[in-house]
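# Coordinates for the following, if possible.
(chains A, B and C)
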Amino acid sequence: MSDEPRKMTRREFLTECVRGAGLLTIGGLLGGVVSRGRAQSTVWQIDPDKCTQCEKCATACVLNPSAVKCVHEYAICGYCELCFGYLADQRPDDTEAAENQRCPTNAIRRSFVEDPYYQYVIDESKCIGCGVCVKGCQTFGNGSLILQIRHDRCINCNQCAIADVCPSDAIVRVPAAKPYLLQTKG
Amino acid sequence: MLRIACLVLLLLYLSVAALATERFPSPEFSQGYQFPQITTPQPRDQVLSYIDIGVLFAALALAAYLVLKKRSRRDLVVLVIFSLLYFGFYRHGCICSIGAIQNVALALWNDNYVLPVTAGAFFLLPLLFALFFGRVFCAGVCPLGMAQEVVLLRPVKVPLWLDNALGTVPYFYLGVAVLFAATESAFIICQYDPFVLFFRMGGSVGMLIFGVAMLLLATVVGRPYCRYLCPYGVLLRLLSPFAKWQVKISPEDCHACHLCADACPYGAIKPPTPEVGTVSRQEGKTRLAVLLALLPILVLAGAGLVRLGSPLLAQVHPEVRLADRLWLEEQGRVEGRTEATEAFFIHGLPNMDAYREAAAIRKRFDTGSWILGAWIGLVLGLRIICMSVRRHSQEYQADPAACMACARCYALCPVEHARVQALAGGQTPVHEHADASIDTERPQ
Amino acid sequence: MKCDLGPASRSLDISSAAKAGLVVIAIMLAAGSGCNKLSRSEIRSETADAVQKQTDDMRSLREVDPKLVKYRQVDVIETGFERATGIALGPDGTLFVAGDNAVRVFSPDGRVKSELQLAAAPYCLAVAGDGTGTIYVGFQDHVEVYGNDGQLQARWRSLAQKAYLTCLAVSGEDIWAADAGNRVVLHYSKSGELLGKIGEPDESSDSAQFIVPSPHLDILLTGDNLLVNNPGCQAVQTYTTRGELQSSWGHYSQNIDGFCGCCNPTDIAVLPDGKIVTSEKGLPRVKVYSPDGKFECVVATPDDFSAKAAGLDLAVSDDGRVFVLDPPAGTVKVFARKQ
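Residues are numbered from 1 along each chain as shown, chains lettered A, B, ... in the order given. Got it, this is the predicted structure:
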């Protein structure tokens, strides 16, 4: 019993040492992180070059409907009358009836610009991000329709649930200051 | 999947910019047609993520004050609910300190990933607080802990043997999670987070079942995720025994009434040890020596065994799975294509590219599995040593490693009662009375 | 003892009640999120069916009736280019391929004979048929003329800002160039003097108008007439050299007899017997039509080309073999009529 206080002191000393070492490590790491403060946070985005429109974006996102939407880059669009982002391959005729449209939620609106050009606008409130129109446009057209993660919807999960299932590794981290991978200036 | 391509993307921007200049021109519209503007809603402001760090710091400081200074469970519950709402439902459970382990591991082993400040701060601040105040992060900040804390109904004691056995799982989980994050394979902590789908109000059916099961379990077992899974808890567990200020149940002398130990839902309060052990000092020394000699054997055995499983572990990486599948298809041993090989085919790259990349990843897994195996062996060995070494104590003490600093025990300690009453009424404590009545209850 | 335990046990009762409430809330949350999940799966199963149908449609379109394929592949030439853009055949059967920053010349047996280094990426090329071996190389906005020794002979004036040359054709003293960017066909003299333009926006409605959503505009000289594809109209059109429309044929169809997608054909060539060879993108296929536009047979099906093949460039040899360039793959496939 008489050596109890000395034992405690030794123990306390060791504790202090360990805490000091831990503090130094954490302080150093913290300093390292803060000094790299310019290395700002990242967000998730779809690289259109890698995307194969597998339709998983519509179902794998933790949000419903998905944070992925179709974006139309008008400057690349050919303004075709026969738009294969808009029209289904197998269709009764070429009218704007729902059964002729490729989009499963009829989220693309067509409007006449001038002969023979038509404009196509995505209604984001209807778009579910399945990429069916993107596939049509990439296959037959100019590829002006692309899938992008919309950052007003994306909650930026630490690990993107779509990235987990993407077959072509198309979901990448991009700097938060440049959150879109468009081919034109947006 | 975790293709971290900030540098690559920079190049991509440049090439896109170059492409944009020689892009095929749009039709010439005669009536001055204007291209509709492409909207690009911006992500959450960077400033808000700094505010998150501030809130984290404030919540940690407040938790430390409420637990260690004010010793008030009631006030802590307010903080618990705030943290659940803020870090859980408002911030959708992302980013959290537990998941940040993976960001740190990724940044440590991959030069092309720069750790975001938020992830770094969320990883380090709770550890820093643990060095001074113990696991105050678990007490009132962690949204996952809070989700379990608020559903705890009638805790049952987990048998010591089971507790010890399950208690090793977090160490393995941590090791595996770091391996997968460092090899860019997967963020398994995030993928298998049982509660985050409640915060986001969405997720897969499998995870929903897991989450509900965990919540139901949490009604009778105190914080099952924190105690038997949480990999961040491992780090806190290692640091908090060195905390400067720790939870002290009885403000003065402990009367050894064991009320606190009964009240602790996490089995973190250790009873006093008898003066005389069951084994002689000599016998104990011999046993310790044997166990110490066993430790390097366990470490080597673990390293060797897990290294054998390296090819299996590597299958978690999607590139490795892709390469294996491509090989089978090339050899004509399987029919048809998977979605991944179809996508690979569309990009028109030679199969050799995939094989080369997979080989590099496998190599990293080989190294990583050595380390993981050694870690598992070390944990097991040390666990056995800890179990066989008795620490002398004459009072009921919270084990700082296991204590979640929930402040439940204070209210049940008769000595604390006396102190609080004295504070409230300004009277002299009814110390002796409590002492006498409890003494009769003390187990022999 | 009772006195001491009293407050503690009472507080326990209150807290258990509160906790029971919280558990109920948690279970409600769990159930709520479960319902949310279920409702999602309902919407998703509906749309998933529609999505699946579209995908199946697209797959079935790639299939071609084997009975219609009257040609077989007889040769493959690896050009070695990252991205090839155009091919041309010399009078002696020499193959010229433009790609990256060069023009590579292949002898009839497929070996590289020579290579012409260029300062910029070539977009198209043509070889004079008069035996001089002069090579005309089209860049984005101008034409350069090279002798058969590889020496630069002339660099013609740059065109308007939006210029995007996609095709060159040589006929005796005249050079024709297709500018897909400005949707016009340009008529040059051998010395590079601009003689005329076809397809400029005009007040009169009967003048030529090319609808070119993507950079695929091709020209071909047949006797006194000019054959031009008009991809936005799914048509092949015949013009006089002054730009008067003589005839037009072709129709849209995803089926084999028509031109698929929004903007096809992308390229045309003429066989020794006067029949027209066409190539398409989207469903990359090469077909033969009679001079008046009747579908005859298939040369190559989508399965013959790389997944991203678009802008298949065509050339026909004197013995009727069809040379098809697959630009992203950088290969030239040679097809001959089955016996």
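# Would you map the helices across the chain?
Unless you meant another one, I'm taking chain A. A:4-35, A:57-60, A:132-140, A:161-165 (DSSP state H).
# that's the wrong chain, I wanted chain C
Assigned by DSSP H, chain C shows helices spanning C:2-61.
# how about stretch B:386-406 against chain A, any contact?
No: shown here: stretch B:386-406 not in contact with chain A (CB under 8 Å from any CB of the partner chain), separated by at least 9.2 Å. In short, each C-beta sits where N, CA and C put it, glycine included.
# Identify whichever of the helices of chain A lies nearest to chain C.
Distance to chain C, taken as CB to the nearest CB, is lowest for helix A:132-140 among those, at 3.1 Å.
# Indicate which one of the helices of chain A is closest to B:Leu125.
Among these, the nearest to B:Leu125 by CB to CB is helix A:4-35 (8.1 Å).
# picking that back up, hey, which of the helices of chain A is tucked in deepest?
Across those, averaging neighbours per residue (mean count of other CB atoms under 10 Å in any protein chain shown) puts helix A:132-140 on top, at a mean of 27.
# Is chain B within reach of that helix?
No: using CB under 8 Å from any CB, helix A:132-140 stays clear of chain B, coming no nearer than 10.0 Å.
# for the stretch 51-200 of chain C, what spans make up the strands?
For the stretch 51-200 of chain C, the strands defined by DSSP state E, counting those that start in this stretch cover C:71-78, C:84-89, C:95-99, C:102-106, C:112-117, C:124-127, C:135-138, C:143-146, C:152-155, C:165-171, C:174-179, C:184-189, C:194-198.
# hmm, who's touching the fourth one?
Around strand C:102-106, the neighbours that count as contacts under CB atoms under 8 Å, 6 or more residues apart in numbering or on different chains are C:77, C:79-81, C:94-97, C:112-118, C:122, C:125, C:135, C:137, C:146.
# Mind doing that once more with 7 Å?
Outside strand C:102-106, the residues that touch it by CB atoms under 7 Å, 6 or more residues apart in numbering or on different chains are C:77, C:79, C:94-97, C:112-118, C:122, C:125, C:135, C:137.
# Any of the residues you listed buried? List them.
In the contacts of strand C:102-106, burial by neighbour count holds for C:77, C:79, C:94-97, C:116, C:118, C:122, C:125, C:135, C:137, counting by 16 or more other CB atoms under 10 Å in any protein chain shown.
# need the helices for the stretch 201-350 of chain B, in chain order.
In the stretch 201-350 of chain B, the helices defined using DSSP state H, counting those that start in this stretch lie at B:205-220, B:224-228, B:231-239, B:259-263, B:281-308, B:310-314, B:318-330, B:339-347.
# so how far is the first one off the chain centroid?
For helix B:205-220, the gap between its own C-alpha mean and the chain's C-alpha mean amounts to 17 Å (CA atoms, centre = their mean, to the nearest Å).
# I'd like the average pLDDT over it.
Regarding helix B:205-220, the rounded mean pLDDT is 90.
# quick one: is that helix near chain C?
Yes: Helix B:205-220 reaches chain C (CB under 7 Å from any CB of the partner chain) through B:205, B:208, B:211-212, B:215, B:219.
# returning to that earlier point: now render the buried ones among the contacts of strand C:102-106 as TSV, adding distance to B:Arg325 and pLDDT.
Listed next are these as TSV, based on distance: CB to CB, whole Å; pLDDT from 0 to 100:
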residue	distance to B:Arg325	pLDDT
C:Ile77	31	93
C:Thr79	30	92
C:Thr94	43	91
C:Leu95	37	94
C:Phe96	40	95
C:Val97	34	95
C:Leu116	42	92
C:Leu118	41	93
C:Pro122	39	94
C:Leu125	41	93
C:Ile135	46	93
C:Val137	43	95
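# before we move on, back to that, do you know which of the helices of the stretch 201-350 of chain B lies nearest chain A?
Among the helices of the stretch 201-350 of chain B, the nearest to chain A by CB to the nearest CB is helix B:339-347 (3.6 Å).
# So what touches that closest one?
Taking CB under 7 Å, 6+ apart as the rule, helix B:339-347 contacts A:52, A:54, A:167-168, B:318, B:322, B:325-326, B:329, B:337, B:354, C:307-308.
# now that helix against helix B:318-330, angle please.
Interaxial angle of helix B:339-347 relative to helix B:318-330 (axes from the mean of the first three to the mean of the last three CA atoms, to 10 degrees): 80 degrees.
# Tell me the buried residues in helix B:339-347?
Buried, per 16+ other CB under 10 Å, within helix B:339-347: B:340-341, B:343-347.
# could I get that helix in PDB with only the CA atoms?
Listed next in PDB are the C-alpha coordinates belonging to helix B:339-347 (Å, rounded to 0.1, in the frame of the first residue of the first chain):
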ATOM      1  CA  GLU B 339     -23.100  -4.500 -67.900                       C
ATOM      2  CA  ALA B 340     -19.600  -3.700 -67.000                       C
ATOM      3  CA  THR B 341     -17.900  -5.600 -69.800                       C
ATOM      4  CA  GLU B 342     -20.500  -4.100 -72.200                       C
ATOM      5  CA  ALA B 343     -19.600  -0.600 -71.100                       C
ATOM      6  CA  PHE B 344     -15.900  -1.500 -71.500                       C
ATOM      7  CA  PHE B 345     -16.600  -2.800 -75.000                       C
ATOM      8  CA  ILE B 346     -18.400   0.400 -76.000                       C
ATOM      9  CA  HIS B 347     -15.300   2.500 -75.000                       C
END
